[in-house]
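> No sequence on hand, only this structure:
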């Protein structure tokens, strides 16, 4: 049975509206400048994972971009949980909730009182079935992905701080366009910063394993992901795996024992090669497998198995348009 998309509702500035009716003004600052902070969360077994941490990062972005938001973090959390509850009946029984929280500054000053739209910040909370975000990824847990370094560079913090999760992400799209020109469906862009150090993927953090230690690029020129923090601050210590942050060159990735990507929707995927050159033995490694198993135990879900079951079911809709991970 298909998800009843006509029944999904969106929390829009304190009111629930049908998803198809949730609209921003064409004069909103988010459209004019990409002036929007956002977060995406997911559930496991219907329970939101690390919601508070996501909202804390969102509120930090709101503060740094000086968006005059009056909602408190507690009010935002309540709104998210209410949105999930209201959309429960619009989901299939085995769905997980992928919640998108967007905050824009609202109408630019010259339009206020001159167009038929309210002034002030906009807060939009949408709940979408996670299965469509991760569709087709099940086999990647065993096969892995190939990282490709595009010519597009990550934007450094001195120009636009990537630690603020914002919608000004054309450089991500450009990287995906460049990587999309390569053959193969399992390629992921691995951006370097202007100094030539590994930064991040386009919506994912990069981690490598060298001499038994999990190493992340320094937190300077990357989005400091919630999943990255979960691996480095909770899972790895629990498993007795040391962690570190340092500058990583492409050579360091090529000569690593393992590499993997982490992100909210799929949690963790092995990166088995870089620019077609195998990393380690070119297969998912033992540290990756230990982390995936520990993550699943923590949340009470067979993470790869859940996506495998979704992939086995018919998938209505969809297509070959751009996604967060690839461009076609």
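Done, it's in. If you're wondering where the values come from, they're calculated on a predicted model, not measured in any experiment.

> Every contact and neighbour count from this point should use C-alpha atoms.
Will do.

> Excluding sequence neighbours, find me the nearest residue to residue 201.
If you skip the residues right next to it in sequence, residue 201 has residue 190 as its closest partner in space, 4.6 Å away by C-alpha to C-alpha, 6 or more residues apart in numbering.

> So what's the residue count around that neighbour?
29 (other C-alpha atoms under 10 Å).

> now it: how far from residue 254?
Look at residue 190 and residue 254: by C-alpha to C-alpha, to the nearest Å, they are 12 Å apart.

> The residue nearest to residue 201 against residue 149, yeah?
Yes: at 4.9 Å, residue 190 counts as touching residue 149 under the criterion of C-alpha atoms under 8 Å.

> what about the nearest residue to residue 104 once chain neighbours are set aside, distance to residue 301?
Nearest residue to residue 104 in three dimensions, chain neighbours excluded: residue 36, at 4.5 Å (C-alpha to C-alpha, 6+ apart). Taking C-alpha to C-alpha as the measure, residue 36 and residue 301 are separated by 32 Å.

> List the pairing partners of the helix or strand where residue 99 lies within its sheet, with orientation.
Residue 99 belongs to strand 97-104 when elements are defined using DSSP states H and E. Applying DSSP bridges to the sheet, strand 97-104 is found paired with strand 36-44 (antiparallel), strand 122-129 (antiparallel).

> winner for burial among the ones you listed?
strand 122-129 (a mean of 24; mean count of other C-alpha atoms under 10 Å).

> That strand - what's its average pLDDT?
Taken as a whole, strand 122-129 carries a mean pLDDT of 97.

> what's the answer for stretch 14-33, then?
The pLDDT scores in stretch 14-33 average 95.

> Could you do stretch 231-248 as well?
98.

> cool, stretch 133-152 as well?
The average of the pLDDT scores along stretch 133-152 is 96.

> Just the endpoints, please. Distance across it?
The distance separating the two terminal residues of stretch 133-152, taken as C-alpha to C-alpha, comes to 24 Å.

> all helices of the stretch 151-300 of the chain, in order?
Listed in chain order, the helices of the stretch 151-300 of the chain (DSSP state H, counting those that start in this stretch) span 170-180, 226-230, 236-239, 250-254, 286-299.

> Including distance to residue 55, could these go into a markdown table?
Shown next, in a markdown table, are the helices of the stretch 151-300 of the chain (distance: least, C-alpha to C-alpha, whole Å):
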| stretch | distance to residue 55 |
| --- | --- |
| helix 170-180 | 23 |
| helix 226-230 | 11 |
| helix 236-239 | 24 |
| helix 250-254 | 32 |
| helix 286-299 | 19 |
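
> Report how many residues lie close to residue 300.
Residue crowding around residue 300 was assessed by other C-alpha under 10 Å; the count is 11.

> Now residue 156. Nearest residue, chain neighbours left out?
Setting aside the residues directly before and after it, residue 156 is nearest to residue 221 in space (C-alpha to C-alpha, 6+ apart), at 5.1 Å.

> again, but for residue 83
Nearest residue to residue 83 in three dimensions, chain neighbours excluded: residue 11, at 6.3 Å (C-alpha to C-alpha, 6+ apart).

> Any figure for the gap between the residue nearest to residue 201 and residue 274?
For residue 190, the distance to residue 274 under the criterion C-alpha to C-alpha works out to 9 Å.

> what residues are shared contacts of the two?
Contact criterion C-alpha atoms under 8 Å, 6 or more residues apart in numbering; residues bridging residue 190 and residue 274 by contacting each: 147-149.

> Closest to residue 307 out of these?
Nearest to residue 307 among the shared contacts of residue 190 and residue 274: residue 147, at 21.6 Å, using C-alpha to C-alpha.

> The closest one and residue 190 touch, don't they?
Yes: at 5.9 Å, residue 147 counts as touching residue 190 under the criterion of C-alpha under 8 Å.

> surely residue 216 meets residue 200?
No: contact between residue 216 and residue 200 fails when scored by C-alpha under 8 Å: they sit 9.5 Å apart.

> Common neighbours of the two, please.
Here residue 216 and residue 200 have residue 206 as joint contacts, going by C-alpha under 8 Å, 6+ apart.

> ok, residue 200 - contacts?
The neighbourhood of residue 200, defined by C-alpha under 8 Å, 6+ apart, consists of 154, 190-192, 206, 217, 222-223.

> That one and residue 191, how far apart?
Shown here: residue 200 relative to residue 191, a distance of 6 Å by C-alpha to C-alpha.

> Spit out the residues that contact those two alike.
Residues within reach of residue 200 and of residue 191 at once, by C-alpha under 8 Å, 6+ apart, are residue 154.
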